[in-house]
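Asker: Sequence first, predicted model second:
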Protein chains: 2
Amino acid sequence: MSASGGAVSHDPAAVVRAIVDAAGRHVAPLLARTEERLGAAATGHGEVLGAHAGETIAAGGKRLRPLLVVLAAGPAAQDEERVVRAAVAVELVHSATLVHDDVLDEASLRRGRPTVVARAGAGMATATGDLLFSRAFAELAAPGGRTEALRALSAASSALARGELLQRADAWSPTVTVERYLERCELKTARLFQAACELGALEAGDSATGATEALGAFGRRIGLAFQLLDDVLDVAGPAERTGKHRGADLLDGTITLPLILARERDGELASLDLHSVRTPAEAEAVCDAVVATGALEAARAKALAMVRDARGELPVLPLTQRRALDLVAESVVERYA
Amino acid sequence: MSASGGAVSHDPAAVVRAIVDAAGRHVAPLLARTEERLGAAATGHGEVLGAHAGETIAAGGKRLRPLLVVLAAGPAAQDEERVVRAAVAVELVHSATLVHDDVLDEASLRRGRPTVVARAGAGMATATGDLLFSRAFAELAAPGGRTEALRALSAASSALARGELLQRADAWSPTVTVERYLERCELKTARLFQAACELGALEAGDSATGATEALGAFGRRIGLAFQLLDDVLDVAGPAERTGKHRGADLLDGTITLPLILARERDGELASLDLHSVRTPAEAEAVCDAVVATGALEAARAKALAMVRDARGELPVLPLTQRRALDLVAESVVERYA
């Protein structure tokens, strides 16, 4: 569960580099422009914001969503400026969500750095998230923008908020079903992946006309698998790889697939009052019990099936574009191999 | 300071009715459609959301911003559906901001009803606000929407967030200047009023082409005056009229124009440690001291000058449209007469 024999490294930066290398020469410059523009999005809106939004954006992450935008747009995009704006927009929405999630979770660290809420309080963090959301829409509404793109982004950002509401409503609930869990993953994660692919596909050259829906479906399934595997990792650890202790979801009251499946298999887990799990050590013990049921393998198998389905969704595309999207799908799996 | 001899009633609903009556027959049906659509915006997004967002929207308010959209569009709007969507969008952004502000202020009541944060906690309230924001953009991004409109809305919503950040940064600060205060009012209030007028003007018939900027400037000034007078009311009371005790801003650490001006006039107020004001009774005593300096009259005079300037900004418009916008300007003043 810890070492990988796969073709893709565990180092996220190396994974992205490998995909970029395979994707064609147009990709790296577009990602560089995206990065530059993300930096600019944090400035020019007052000193107060600059500090918090800038820090949030700079803290980075894998930039998986911008990568999907650029890859879905392919090598013959109609308007590179719009591709870059779309890539920036999805990352800003993602960042906004992280800032707000940290407020709700009272999280002190994110990607190894202090969160906005930890540095500046809930008020600043809520407003910082609101600003990042607003800037995302501003990117797509710039002159030359398209309402279709704004429609895709607002649908995804509505879904994110609904997912967050669902997560709060279901916190610590012993009756969350697999279906309900998948609905939450769909809303919280898959829809933004879907939007990233749709936004890219909207800008694809004529050769890819009509592929928007298919690429959206690909993104959606990849997003679902990504979330499932993220939830597996929270139970499997190790902490050195995830940057947080095992069972963080349990302590938040977030009911994930491994726990749901484990409770079906283990009567003691089924009767456990989730509110009683309060310390990292207690959470770790529950994780061990979940692992012992084999629930992780079952959850992982479900995710792998989704990735297979995702690859099956890919429409006819230029060869390098197809290969790059295939590699994204593989990387989602391999990260957790 | 409490009784008005003006032509406009203190009852907000009556004020809006008077404006609607003056504005022409097209206005009432558009506002009714806006109301219906605002109701619909809360449903169809899951049961959890339905409860909180629905309650927030239903709690209503004066719907001043939608009114500005409809009035700025005038009697010969190109596309009534887009006017309604724009009216809905600005009100949704406004509602989202209120929900988030209540989280930050830990407010328990808003318009006499329990706030979302009081009913459901900070997590639910943050997510509810995010959803209302997202739905606002979705309204304008619907098929047939215009990127100009989305640009105006995202600019306003960025400004709102920046204003909120500024307010947090300046909380309890004894060095807030009049300029800094006005900048905050501009961001927190005026820009959304401006956007409301611009969104309406974008849909105005051909006769009003080119009036977008002028109507935006009108809206901006009305918004500034509205905020100034709101801040006067927080000091002046009475509580029966505002629905909250006098000096609520003081207890939040929000430094407003009456206090800034009063501190210039009264050495004791100038040296007061604002952190020491902790109870409603203490806040009330500070309010009395502010009133005694004559700062309220000075702040009110500044607001009235802004309203005069706003009316001066109005472009050439059909007579009933002009009269209705004049009445809005008057109502902002009269509410505080």
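Answerer: Structure's in. What do you need?
Asker: Now do the SS call for A:T175.
Answerer: coil (DSSP: H, G, I helix; E, B strand; the rest coil).
Asker: for it, phi and psi?
Answerer: The phi and psi values for A:T175, taken as degrees, to the nearest 10, are phi -110, psi 10.
Asker: show me the contacts for A:S154.
Answerer: By C-beta atoms under 8 Å, 6 or more residues apart in numbering or on different chains, the contact set of A:S154 is A:137, B:134-135, B:137-138, B:141. All C-beta atoms are positioned from the backbone trio N, CA, C, and that covers glycine.
Asker: before we move on, what about A:P258?
Answerer: Taking C-beta under 8 Å, 6+ apart as the contact definition, A:P258 lies against A:231-232, A:235, A:290, A:295-296, A:299.
Asker: and A:T56, how many neighbours?
Answerer: Applying the criterion other C-beta atoms under 10 Å in any protein chain shown, we find 25 residues in the vicinity of A:T56.
Asker: how about stretch A:306-315: buried residues?
Answerer: Judged by neighbour count (16 or more other C-beta atoms under 10 Å in any protein chain shown), stretch A:306-315 contains these buried residues: A:306-307, A:310-311, A:313-314.
Asker: and that stretch, average pLDDT?
Answerer: What stretch A:306-315 shows for mean pLDDT is 92.
Asker: Then stretch A:271-283?
Answerer: When pLDDT is averaged along stretch A:271-283, the result is 93.
Asker: Could you save the contacts of A:S154 as CSV and add columns showing distance to A:G39 and neighbour count?
Answerer: Formatted as CSV, the contacts of A:S154 follow (distance: C-beta to C-beta, whole Å; neighbours: other C-beta atoms under 10 Å in any protein chain shown):
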residue, distance to A:G39, neighbour count
A:F137, 19, 29
B:S134, 25, 26
B:R135, 30, 28
B:F137, 24, 29
B:A138, 28, 22
B:A141, 26, 29
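Asker: okay if I get those as JSON lines plus secondary structure, pLDDT and distance to A:S157?
Answerer: Conversion of the contacts of A:S154 to JSON lines gives the following (DSSP: H, G, I helix; E, B strand; the rest coil; pLDDT from 0 to 100; distance: C-beta to C-beta, whole Å):
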{"residue": "A:F137", "secondary structure": "helix", "pLDDT": "97", "distance to A:S157": "8"}
{"residue": "B:S134", "secondary structure": "helix", "pLDDT": "95", "distance to A:S157": "4"}
{"residue": "B:R135", "secondary structure": "helix", "pLDDT": "94", "distance to A:S157": "9"}
{"residue": "B:F137", "secondary structure": "helix", "pLDDT": "97", "distance to A:S157": "7"}
{"residue": "B:A138", "secondary structure": "helix", "pLDDT": "95", "distance to A:S157": "9"}
{"residue": "B:A141", "secondary structure": "helix", "pLDDT": "96", "distance to A:S157": "11"}
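Asker: Could you list the low-pLDDT ranges of the stretch 201-337 of chain A?
Answerer: The model of the stretch 201-337 of chain A has pLDDT under 70 over residues A:205-210, A:242-243, A:335-337.
Asker: In three-state terms, label A:T43 for me.
Answerer: A:T43 carries the three-state label coil when classified by three-state DSSP.
Asker: Any figure for the gap between it and A:G216?
Answerer: Distance of A:T43 to A:G216, given as C-beta to C-beta, to the nearest Å: 32 Å.
Asker: One more: A:D309?
Answerer: With distances defined as C-beta to C-beta, the gap from A:D309 to A:G216 amounts to 14 Å.
Asker: What residues does the stretch 1-150 of chain A have near chain B?
Answerer: Residues of the stretch 1-150 of chain A lying close to chain B by C-beta under 8 Å from any C-beta of the partner chain are A:45-46, A:48-49, A:52, A:96-97, A:100, A:103-104, A:120-124, A:126-131, A:133-135, A:137-138, A:140-147, A:150.
Asker: Now do the strands in the stretch 1-150 of chain A.
Answerer: Secondary structure of the stretch 1-150 of chain A, counting by DSSP state E, counting those that start in this stretch: strands at A:109-110, A:113-114.
Asker: Kindly compare burial across those and name the winner.
Answerer: Mean neighbour counts were taken over the strands of the stretch 1-150 of chain A using mean count of other C-beta atoms under 10 Å in any protein chain shown, and the top value, a mean of 16, falls to strand A:109-110.
Asker: Just give the strands next to that one in its sheet, each with its orientation.
Answerer: Applying DSSP bridges to the sheet, strand A:109-110 is found paired with strand A:113-114 (antiparallel).
Asker: mind listing what A:V290 touches?
Answerer: The contact partners of A:V290, taken as C-beta under 8 Å, 6+ apart, are A:235, A:258-259, A:262, A:269, A:296.
Asker: What about the closest residue to A:R265 other than its chain neighbours? Give its phi and psi, please.
Answerer: If the residues on either side of it in the chain are set aside, A:R265 comes closest to A:T293, at 4.2 Å by C-beta to C-beta, 6 or more residues apart in numbering or on different chains. With angles defined as degrees, to the nearest 10, A:T293 sits at phi -80, psi -10.
Asker: neighbours around A:T293, how many?
Answerer: Residues within reach of A:T293, counting by other C-beta under 10 Å, total 18.
Asker: How many residues are close by the closest residue in space to A:D105 that isn't next to it in sequence?
Answerer: If the residues on either side of it in the chain are set aside, A:D105 comes closest to A:D252, at 5.9 Å by C-beta to C-beta, 6+ apart. Taking other C-beta under 10 Å as the neighbour definition, A:D252 ends up with a count of 18.
Asker: Surely A:D252 and A:A107 touch.
Answerer: No: in this structure, A:D252 is not within contact of A:A107 by C-beta atoms under 8 Å, at 9.2 Å.
Asker: Let me see the contact set for the residue nearest to A:S108 when sequence neighbours are not counted.
Answerer: Nearest residue to A:S108 in three dimensions, chain neighbours excluded: A:A118, at 4.4 Å (C-beta to C-beta, 6+ apart). A:A118 makes contacts with A:102, A:107-109, as judged by C-beta under 8 Å, 6+ apart.
Asker: Over to A:E80?
Answerer: Residues counted as contacts of A:E80 (C-beta under 8 Å, 6+ apart) are A:30, A:33.
Asker: mind checking pLDDT for it?
Answerer: A:E80 is assigned a pLDDT of 93 by the prediction.
Asker: From chain B, how far off is it?
Answerer: According to C-beta to the nearest C-beta, to the nearest Å, A:E80 and chain B sit 18 Å apart.
Asker: cool, A:R278 as well?
Answerer: For A:R278, the distance to chain B - C-beta to the nearest C-beta - is 18 Å.
Asker: hang on, the earlier thing: please report which of the contacts of A:V290 has the highest neighbour count.
Answerer: Most surrounded of the contacts of A:V290: other C-beta under 10 Å gives A:L259, at 29 neighbours.
Asker: Would you confirm that that one contacts A:D252?
Answerer: No: counting by C-beta under 8 Å, A:D252 is not a contact partner of A:L259; they are 11.9 Å apart.
Asker: returning to that earlier point: which of the contacts of A:A118 fall in helices?
Answerer: When the contacts of A:A118 are checked against helices using DSSP state H, the ones located there are A:D102.
Asker: Now do the buried residues in stretch A:94-112.
Answerer: Counting neighbours by 16+ other C-beta under 10 Å, one finds that the buried residues in stretch A:94-112 are A:94-105, A:107, A:110.
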